[in-house]
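# with the sequence up front, the predicted model follows.
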Amino acid sequence: MIKIDISEHQTRRANLLSLMDHNSVCVVGSASAQTRSNDTDYCFRQDSYFWYLTGFDEPDATLILIKYADGQTHVFMSLLPKDEQAEIWHGRRLGAQAAIAKLALDNAFDNSQLEDQLANILSNKQTVYSLYIQTSVKKLIDQTIMNLKRVPKQGLLAPSQHIDIQSQLDEARLVKSTTEIAIMQAVADISAQAHCQAMQLCKPTLNEYHLEAEIQYVFARNGARHPAYTSIVGGGDNACILHYTQNNQVLQDGDLVLIDAGGELEGYAADITRTFPVNGRFSRPQASVYQIVLDAQLAALELLKPGALLPEVTQVVVEIITQGLLDLGILTGELHDNIERLTYRHYFMHGLGHYLGLDVHDVGEYKVDGAPRPLSPGMVLTVEPGIYIAPGSDCPEIYHGIGVRIEDDIVITETSNHVLTHQVPKTIAEIEALMRAGV
């Protein structure tokens with residue numbers, strides 16, 4: 001399995017330290033275990049920022065980066081102590097002593113020392129950085145600063161600035177390294193296999209959760225133990241609910257089923273959507289709507305390359321979808337007028353895509369200085385146009401209940417883009433052929 005080497009985490013920390021002022025400290029916290037019910041916890045998932053900087057997968061740890069007045073730097077970590085009884089019940093802990101070498105730290109200490117150590121570290125520093133979204137860490141820093149201000153006669157001086165570091169880390173995470181892209185290709189391949197298995201398994205009278213179970217089985221069997229998000233398996237009208245997750249209805253002959261599912265590997269997400277007929281054959285109305293969405297997606301993929309602007313590509317997609325809806329009689333009137341009045345948004349109501357990485361909706365600004373951000377090599381994003389015609393829509397009834405989304409993950413290359421999720425078929429002929437082949 002591909003993993004991020006500790007040297008890459010060191011480089012990420014060094015890059016962050018280079019952005020910090022002299023005589024400053026940065027504090028980043030890990031995730032904590034979350035209670036599911038009574039004395040049982042959800043499966044632990046590390047905070048994405050902390051994972052990005054450390055590769056350490058234990059809860060309740062704190063990373064501390066120090067940049068002294070002379071430019072020298074140190075990297076500390078506070079973490080759970082070794083505890084024989086706790087480890088019998090809840091699993092092994094690395095402990096402070098082993099963490100220094102394994103995580104390439106300058107020093108590490110038990111959490112019981114965090115408050116005292118942090119007071120000493122912050123004393124006489126000018127600036128402290130943290131992620132304001134990590135409210136418990138921010139609260140700890142604010143309390144430590146307040147305590148330092150109460151004892152100035154002891155020679156302990158509090159920082160005069162507390163700055164949110166999120167935008168700097170978001171920028172760093174936006175462009176992926178070669179290893180990150182390799183991991184994302186691996187999880188894309190696993191997720192593609194899961195979608196293909198679901199297509200081949202599908203038949204009328206199965207339940208939506210049967211397909212969800214098959215997808216999650218393929219994820220886990222290939223090392224992506226957990227989905228990157230709650231899988232969507234929406235048959236028939238349910239496909240018109242964008243974030244449908246009940247996944248508990250019987251799949252009906254003659255309906256489409258929309259599956260939006262992706263695995264997570266080494267913290268990195270895949271995000272794929274495919275729509276296909278439950279019985280393996282698209283009806284004429286279904287095929288007509290599906291082809292519009294596919295044409296729009298293929299046009300977008302041709303345009304998404306370095307320098308491209310997402311709003312401009314989205315506008316091309318909107319024109320294709322709107323014209324397609326006009327051609328089918330779902331919309332009426334002139335193309336320009338429908339686009340101006342946003343009538344297409346009754347049927348295509350979300351954006352074209354989003355950044356992808358350690359989070360499914362990954363971090364990074366879509367605008368720079370108020371203008372759309374040009375795409376650049378190393379960015380990974382989804383491309384997911386759709387058409388959703390809910391029951392009761394003001395259009396010919398033969399299209400009611402048809403929901404179609406086609407979503408792929410791409411990485412921007414030096415000259416164009418590479419579709420990470422290319423192994424899942426998406427033309428009508430390819431889908432029908434795969435479904436005929438069966439499991």
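Received it, and whenever you're ready, just let me know what you need. Numbers count the residues shown, from 1 in each chain.
# now do the helices in this protein.
Assigned by DSSP state H, the chain shows helices spanning 6-19, 48-54, 84-90, 96-102, 114-122, 135-150, 166-174, 178-201, 208-221, 284-303, 310-327, 335-340, 428-437.
# who's in contact with D369?
The contact partners of D369, taken as CB atoms under 8 Å, 6 or more residues apart in numbering, number zero. C-betas here are computed from N, CA, C, even on glycine.
# could I get the helices of the chain as CSV with mean pLDDT?
CSV is the format used below for these (pLDDT from 0 to 100):
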stretch, mean pLDDT
helix 6-19, 98
helix 48-54, 98
helix 84-90, 93
helix 96-102, 97
helix 114-122, 95
helix 135-150, 93
helix 166-174, 98
helix 178-201, 98
helix 208-221, 98
helix 284-303, 98
helix 310-327, 98
helix 335-340, 98
helix 428-437, 96
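# out of the ones you listed, which comes closest to M379?
The minimum distance between M379 and the helices of the chain falls on helix 166-174, with 6.4 Å, by CB to CB.
# if we can go back for a sec, between the helices of the chain, which one is nearest to K367?
helix 310-327 (9.5 Å).
# make a markdown table out of the helices of the chain and add mean neighbour count.
Putting the helices of the chain into a markdown table (neighbours: other CB atoms under 10 Å) gives the following:
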| stretch | mean neighbour count |
| --- | --- |
| helix 6-19 | 16 |
| helix 48-54 | 23 |
| helix 84-90 | 10 |
| helix 96-102 | 15 |
| helix 114-122 | 17 |
| helix 135-150 | 15 |
| helix 166-174 | 17 |
| helix 178-201 | 21 |
| helix 208-221 | 19 |
| helix 284-303 | 19 |
| helix 310-327 | 18 |
| helix 335-340 | 14 |
| helix 428-437 | 15 |
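# out of the ones you listed, which gets nearest to I272?
Judging those by CB to CB, what sits closest to I272 is helix 178-201, at 5.2 Å.
# and that closest one, what other elements does it pack with?
Here helix 178-201 touches helix 208-221, strand 256-261, strand 263-265, strand 268-269, strand 272-277, strand 408-412, helix 428-437, going by 3 or more CB pairs under 8 Å, 6 or more residues apart in numbering; DSSP states H and E.
# for C395, which of these is the nearest?
The nearest among the helices and strands packed on helix 178-201, by CB to CB, is strand 256-261 at 16.4 Å.
# now do the closest one against helix 208-221, angle only.
The directions of strand 256-261 and helix 208-221 differ by 30 degrees, with axes from the mean of the first three to the mean of the last three CA atoms, to 10 degrees as the criterion.
# tell me how far strand 256-261 lies from the chain's centre.
Relative to its chain's centre, strand 256-261 lies at 18 Å (CA atoms, centre = their mean, to the nearest Å).
# what does stretch 394-401 give?
34 Å.
# buried residues, that stretch. List them.
C395, Y399, G401 (16 or more other CB atoms under 10 Å).
# follow-up on the earlier one: nearest to E414, of the helices of the chain?
helix 178-201 (12.7 Å).
# using CSV, write out every CA atom in the closest one.
The C-alpha coordinates for helix 178-201 follow below in CSV (Å, rounded to 0.1, in the frame of the first residue of the first chain):
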residue,chain,number,x,y,z
THR,A,178,3.2,12.9,-6.6
THR,A,179,2.6,10.5,-3.7
GLU,A,180,-0.7,12.0,-2.9
ILE,A,181,-1.9,11.6,-6.5
ALA,A,182,-0.7,8.0,-6.5
ILE,A,183,-2.8,7.3,-3.3
MET,A,184,-5.8,9.1,-4.9
GLN,A,185,-5.3,7.0,-8.0
ALA,A,186,-5.3,3.8,-5.9
VAL,A,187,-8.5,4.7,-4.0
ALA,A,188,-10.1,5.8,-7.3
ASP,A,189,-9.3,2.3,-8.7
ILE,A,190,-10.8,0.6,-5.7
SER,A,191,-13.9,2.8,-5.9
ALA,A,192,-14.2,2.2,-9.6
GLN,A,193,-14.2,-1.6,-9.0
ALA,A,194,-16.9,-1.2,-6.4
HIS,A,195,-19.1,0.7,-8.8
CYS,A,196,-18.6,-1.9,-11.5
GLN,A,197,-19.5,-4.7,-9.1
ALA,A,198,-22.7,-2.8,-8.1
MET,A,199,-23.7,-2.5,-11.7
GLN,A,200,-23.2,-6.2,-12.4
LEU,A,201,-25.0,-7.2,-9.3
